[in-house]
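Q: I need the structure of the sequence given here:
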Amino acid sequence: MTRFGDRDRSLEELERDCWPAPLGVETRLMATARELRRKPLGGLTVEDMRLLIGQDVGLAHLLPLAVEVLRSDPLAKGDMYEGDLLSAVLTRSAEVWGESPELRREVRLIVSELAEVPPALKRQVEGFLAL
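A: Okay, the predicted model is just below:
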């Protein structure tokens, strides 16, 4: 789990795993993810977290940061739509949440306190609550 001091470090540093440049063609998504892994955690935007979490990259470090953002703004918006960070968080596998029960409880609390669930998130919320 991410600690306060880790915000000055990148996922590459924290995970001690440097993704090499690909030998062949790299998609824009993977090039972006590889570049974001080099950025200090404290410098990641909501969109950066949404993208990486959606690709299951650095979850042990990014989910706690995302939950921190969601506590103050449950419908935080990246580049897609209102609540897209929450959507990325909610759609992680049951396996991920089994490894992080305390974060799962926090996300449940955040979702339960939503006055109204936006239509774009209803299915994700229901799926998460069914875990």
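
Q: in stretch 98-109, what's buried?
A: Going by neighbour count (16 or more other C-beta atoms under 10 Å), the buried part of stretch 98-109 is 100, 103, 104, 106, 107. For every residue, glycine as well, the C-beta is placed using N, CA and C.

Q: gap between that stretch and the chain center?
A: On the basis of C-alpha atoms, centre = their mean, to the nearest Å, stretch 98-109 is displaced by 13 Å from the centre of the chain it belongs to.

Q: Which residues belonging to stretch 24-44 are considered buried?
A: So, applying 16+ other C-beta under 10 Å, buried residues of stretch 24-44: 32, 33, 34, 36, 37, 41, 44.

Q: Look at the fifth one and report its pLDDT.
A: Going back to what we said before, that points to residue 37. Confidence at residue 37, expressed as pLDDT, is 97.

Q: ok, it to residue 110 distance?
A: Separation of residue 37 from residue 110 (C-beta to C-beta, to the nearest Å): 26 Å.

Q: same for the longest helix anywhere in the chain, what does it pack against?
A: For the chain, the helix that runs over the most residues, judged by DSSP state H, is helix 59-72. For helix 59-72, the elements it packs on are helix 11-15, helix 46-54, helix 84-90, helix 101-112, judged by 3 or more C-beta pairs under 8 Å, 6 or more residues apart in numbering; DSSP states H and E.

Q: Noted, bye for now.
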